[in-house]
Structure formats: C-alpha cells, structure tokens
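[1] got a structure for you, letters missing:
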C-alpha cells in the first residue's frame, strides 16, 4: 500500500514535509505528556481534503490544516483495550457507574437521591414529615412553612426577660385564665348528660379531667351532678351515685364532697320550688355517700341545730334515719331501687300483675300509667298487654273487659305502649290460647269479644284481628235444634 505523506502548513514561509517516522515520534511525545492520542487512520481526517492528490502526489492546500480532536475514551475502546483480562466487565461497570462523565464528580447520586424529574423525594422523607412535623421542605411546595426553623433561618429576638413566679419552689409559668363557675357548671352538666347515655364511669372521668377548672372548683361537680339527678329518673340517680363514688380520690376529695353537699343543703329551699321531692332525694345522696365512705358519718352531726330551713331539717332527719336503721349501710346500695332491665324478669312480671290488680280495684288510669313508666322497661311493655288480656279472660266478667279496654286505649293514646308492643302482646295471647283454654274453657269466645272491643277503640288494626285463632271444636245441642251452635255463657 502506498505510503501517504502529510504536510503541515507553516505560519508564513511555506510548508514543511514530515515523514511517518517524525510523526510517530511526535505522537509518542504527546502520549508521554498526557495528551490524548490519535491513530494514523484518524489523523488525516479534516474538514477539507485529506491531503492526497488524485495522481498519487501529495500536496498542501490553504484549507488543508490538521485539526486535532481530543477524543474521550468510549465504552468500546475500554472493552477493546481490556479484553484480555475480562469480557465486557469494564463496560458494564461504566454503564452502572453514577460518576459524572465530565470527570469532576465524586460518584454520588444527585441531591442525595432526592432530586431529578418525577422523583418523590428522599427515601423516608414522608416518615420524617409525619413523625417530626417538619412540613414541606421545598420552598415551591404550597405546604412550605417559612416559620419552621428547619426550613430556613428564623431569627428570634429577645425583647424582655421575665422571671416566672415560684410556687412551692417551682416556677409556675404564666398564670392561666380562670373560667367562671357558671361556665364550669355548664361543661359538667354536658359531661353528666353524656354519661347518662353510655354509663361508663371511666370515660366520664377522662372527660371531666379535660375541663379547664381549678382544684377550688371541683366541688361544683357534686353540686351539678345532684341537681341534674333530681330532674331525672331513679335509674339516672343510681348512675350518679356510682359516678360520685368512683371519682373518690381521683377527681374528688373528701373536702370537695363536704363543700358540695353544704351548698346543696343551703339551697335546698330553691331546689324544692322546682322539685318538691328534692329534700328526700338530697338526703338519699348524702346517706349513700356516707355508705360509700366518701364522707364520714360525723358530717351530719355538725348541722344539728344549725339548719333553720324546714326542707333542710327534713333532709337531715331522713338521712339520719336511713343510716340508723338496721343494716342501713347495706340497704343504701339499693336506695334508688334496681333500675330498668337489670331487674329479673320474674320481678317485673310480679310488678305488672300487681299494677293491674290495683287498677281493677281503683280504676285510676293515671296511677297505672305512672307506675308503668317508673318501671323503665319500654321494651317489656308487651308483658303488660299479655297479662291484661289474660286477666280479663280469667275474670269472666264484662267489667274486667271494659276496664282493660280503657287502660289499653289510654296507653295507646299516650304512646306509653307503642303499637309494636301492643301487637306483640296480642300475638303472645294467640300463641298461648290452647294452654289458656285448659284453665278457661270459654277463652275463645271471651277473647273474640275482647278483640272486637279493641278493634272498635282502634287499639289494634284489622291485621291483628284477623290473626285471632278460631275455635277448633264446635259444640252442638240435641238433634232437634237443627245444628245450631250453642252460645257459651260466662
């Protein structure tokens, strides 16, 4: 192959011919100095001609200057030069390398792994934001907080140094605003009403501890709780007594009970204006607190001869009588009675039967209605309907039918007994009618008359009346009567 010559253009006085030997020496010096090297095949390339004349002679042209290119090592060059030691190893290492290609980087990920387009931030940054409440770290984020010390330089300026007063040898800090007693009483009343709904004393304790009150206002809990219980049912009064007893030595101390009952005794006349039974109810609360070891028994002795109010004297006398009776402390556990559905079913049935017997003797519908409401078992009113119908069937007289019809009509009109409870009572009688007929053979005919009366008074609807069972056996007289059905006389 013909040897190709190179010519280098001089500055002013022509050109100079350089051979391959001198060019190889020049390349060797350049490599030794640390400059990038070029091969013979790549040196001759230029933007113009390659310095080769068509007829085989070499010559120089004005634009035929050699331009040197500082080529960086490529993956292919590295893999070719190091192919003797490993196959493709350096190329793969360069591909997975995080070092910048300009040769000035330390090989670390950009922005600590938190930068780049479409990234979610540094790993674990969302946990740090939730745990330490650092907020957004990007100033362009809408949630960025300029006042957060972690996000910028916040300079604090101390204008005046105030020493906190000492209380019991410890700095008390800034003095909190004292909430008036009226506001505290409203908050306590709301907590008591909520306690009547769930009945959990522990939950009521946590609610009361969150109130912004002072230790000097703790006695208002006793005052507000007793005043709220006076306006509620006996079952709520029992819940109030349990709450007051459970809060002993936690929220309330002995002096709080004494101060609270002292205020109630002084205001018992005002309480009696709205609730005439207030003196009796307050006496029960005081005696129950003594039985629960919240206040000592000597609490009553300090008021002997000191109370000028008539209602206050009645209250103290009743409390002393409750404590002085035989096994008084044990009986005070049921001073409010056993409330609502916590009582046994047999006990409730006996109460309802006694209620109906007293009604038949007195014919007082309002008293029977009041006694039924005091039982506090609206889910068990179907038992009263059942017992009233059975009692009317067993008595076998028109008076019992008329009185029971009036009672059920009054209970239906006042919504003391709901329509569902009324239907449930009639359905129970229909189911037990075969057993009732064993004791009362004429129960079918009597029940039919009673159902017609109730249907006329609109106590029940047609659907309930149609479900009444018919007589399974018809009684006939002798053959000469023509098959007439004999009326049952009762």
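    Thanks, I have it. It should be emphasised that the depicted structure is a prediction, and the values quoted were computed from it without experimental measurement.
[2] next one: phi and psi at residue 252?
    When read as degrees, to the nearest 10, the backbone of residue 252 gives phi -110, psi 140.
[3] could you report the pLDDT at it?
    Residue 252 is assigned a predicted lDDT (pLDDT) of 92.
[4] in contact with it, which residues?
    Counting by CB atoms under 8 Å, 6 or more residues apart in numbering, residue 252 makes contact with 218, 221-222, 244, 294. C-beta coordinates here come from the backbone N, C-alpha and C atoms, glycine included.
[5] who touches the helix or strand hosting residue 264?
    Remark: residue 264 resides in helix 254-266, with elements defined by DSSP states H and E. For helix 254-266, contacts defined as CB under 8 Å, 6+ apart pick out 218-223, 226-227, 244, 248, 271, 282, 285-286, 289, 294-296, 299, 303, 307, 312, 315-316.
[6] so which of these are in helices?
    219-223, 226-227, 244, 271, 282, 285-286, 289, 312, 315-316 (DSSP state H).
[7] can you map out the strands along the protein?
    6-9, 15-18, 166-167, 170-171 (DSSP state E).
[8] tell me the pLDDT of the closest residue to residue 360 other than its chain neighbours.
    Closest residue to residue 360 apart from its sequence neighbours, by CB to CB, 6 or more residues apart in numbering: residue 403 at 6.0 Å. On pLDDT, residue 403 comes in at 93.
[9] who touches residue 403 in this structure?
    Counting by CB under 8 Å, 6+ apart, residue 403 has contacts 359-360, 363.
[10] what do you get for residue 352?
    372, 375, 383-384, 387 are the contacts of residue 352 under CB under 8 Å, 6+ apart.
[11] and which of these is nearest to residue 199?
    residue 375 (18.6 Å; CB to CB).
[12] so what's that closest one closest to, chain neighbours aside?
    Nearest one to residue 375, counting by CB to CB, 6+ apart, is residue 351 at 6.1 Å.
[13] report how many residues lie close to the one you found.
    Neighbour count of residue 351, defined by other CB atoms under 10 Å: 17.
[14] can you check residue 434 too?
    By other CB under 10 Å, 11 other residues sit near residue 434.
[15] please shift the residue numbers so they start at 652 in all later answers.
    Sure thing, new numbering starts at 652, so read that last one as residue 1085.
[16] tell me the pLDDT of it.
    90.
[17] repeat for residue 742
    According to the model, residue 742 scores 55 on pLDDT.
[18] with residue 706 instead?
    For residue 706, the predicted pLDDT is 45.
[19] with residue 890 instead?
    For residue 890, pLDDT reads 89.
[20] also the one 10 residues further on?
    As summarised for this prediction, residue 900 has a pLDDT of 89.
[21] that one: neighbour count?
    9.
[22] so how far is residue 945 from it?
    The gap separating residue 900 from residue 945 is 9 Å, by CB to CB, to the nearest Å.
[23] cool, residue 840 as well?
    Residue 840 is 21 Å from residue 945, by CB to CB.
[24] the two: which has the busier surroundings?
    Counted by other CB under 10 Å, residue 840 and residue 945 do not tie: residue 945 has more neighbours, with 24 against 14.
[25] is it true that the more buried one touches residue 894?
    No: under the criterion of CB atoms under 8 Å, residue 945 makes no contact with residue 894, lying 11.5 Å away.
[26] what sits closest to residue 1022 if chain neighbours are left out?
    In space, and not counting its chain neighbours, residue 1022 is closest to residue 1006: 5.0 Å by CB to CB, 6+ apart.
[27] ok, back up a step: the contacts of residue 1054 in helices, which ones?
    Those of the contacts of residue 1054 lying in helices (DSSP H): 1010-1011.
[28] got the contacts of residue 1054 as JSON lines, with pLDDT and neighbour count columns?
    What follows is those, written out as JSON lines (pLDDT from 0 to 100; neighbours: other CB atoms under 10 Å):
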{"residue": "1010", "pLDDT": "93", "neighbour count": "22"}
{"residue": "1011", "pLDDT": "93", "neighbour count": "17"}
{"residue": "1014", "pLDDT": "91", "neighbour count": "13"}
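[29] which ones are touching the nearest residue to residue 863 once chain neighbours are set aside?
    In space, and not counting its chain neighbours, residue 863 is closest to residue 830: 5.1 Å by CB to CB, 6+ apart. Residues in contact with residue 830 (CB under 8 Å, 6+ apart) are 863-864, 868.
[30] residue ranges in the stretch 702-851 of the chain under the pLDDT threshold?
    Applying pLDDT under 70 to the stretch 702-851 of the chain flags residues 702-827.
[31] again, 80 this time
    Scanning the stretch 702-851 of the chain for pLDDT under 80 picks out 702-828.
[32] the stretch 852-1001 of the chain too?
    955-956, 978-982, 984-985, 988-994.
[33] what comes into contact with the longest helix along the chain?
    Ordering each helix of the chain by length in residues (DSSP H) puts helix 1070-1090 first. With contact meaning CB under 8 Å, 6+ apart, helix 1070-1090 is reached by 1029-1030, 1032-1037, 1039-1041, 1044-1045, 1059, 1063, 1094-1095, 1098, 1102, 1110-1111, 1115, 1118-1120.
[34] residue 942 touches residue 985, doesn't it?
    No: using CB under 8 Å, residue 942 is not in contact with residue 985; the gap is 10.9 Å.
[35] ok, and the most crowded of the contacts of residue 830?
    Most surrounded of the contacts of residue 830: other CB under 10 Å gives residue 864, at 20 neighbours.
[36] nearest residue to it in space, please, no chain neighbours.
    Residue 864's closest residue in space is residue 835 (CB to CB, 6+ apart), at 5.0 Å.
[37] shouldn't the one you found be in contact with residue 869?
    No: assessed by CB under 8 Å, residue 835 is found out of contact with residue 869, at 9.6 Å.
[38] number of residues surrounding the closest residue to residue 958 other than its chain neighbours?
    Nearest residue to residue 958 in three dimensions, chain neighbours excluded: residue 964, at 5.6 Å (CB to CB, 6+ apart). Neighbours of residue 964 under the rule other CB under 10 Å: 16.
[39] can you check the one 3 residues further on too?
    Residue 967 sits with 23 neighbouring residues when counted by other CB under 10 Å.
[40] ok, the residue nearest to residue 1022 - contacts?
    So residue 1006 contacts 1019, 1022-1023, 1035 (CB under 8 Å, 6+ apart).
[41] likewise for residue 951?
    Residue 951 neighbours (CB under 8 Å, 6+ apart): 937, 941, 967, 970-971, 974.
[42] now these as CSV including distance to residue 909?
    Conversion of the contacts of residue 951 to CSV gives the following (distance: CB to CB, whole Å):
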residue, distance to residue 909
937, 10
941, 11
967, 14
970, 14
971, 17
974, 16
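[43] can you pick out the most distant pair from those?
    941 and 967 (12.3 Å).
[44] quick check: nearest residue in space to residue 843, chain neighbours excluded?
    With CB to CB, 6+ apart, the residue lying closest to residue 843 is residue 879, at 5.0 Å.
[45] isn't that neighbour right up against residue 845?
    No: using CB under 8 Å, residue 879 makes no contact with residue 845, being 11.5 Å away.
[46] the nearest residue to residue 865 once chain neighbours are set aside: neighbouring residues, count only.
    What sits nearest to residue 865 in space, not counting adjacent residues and going by CB to CB, 6+ apart, is residue 829, at 6.5 Å. Using other CB under 10 Å, residue 829 is surrounded by 12 other residues.
[47] now the one 3 residues further on
    Applying the criterion other CB under 10 Å, we find 13 residues in the vicinity of residue 832.
[48] right, and residue 883 touches residue 848 too?
    No: taking contacts as CB under 8 Å, residue 883 lies outside contact range of residue 848: 12.0 Å.
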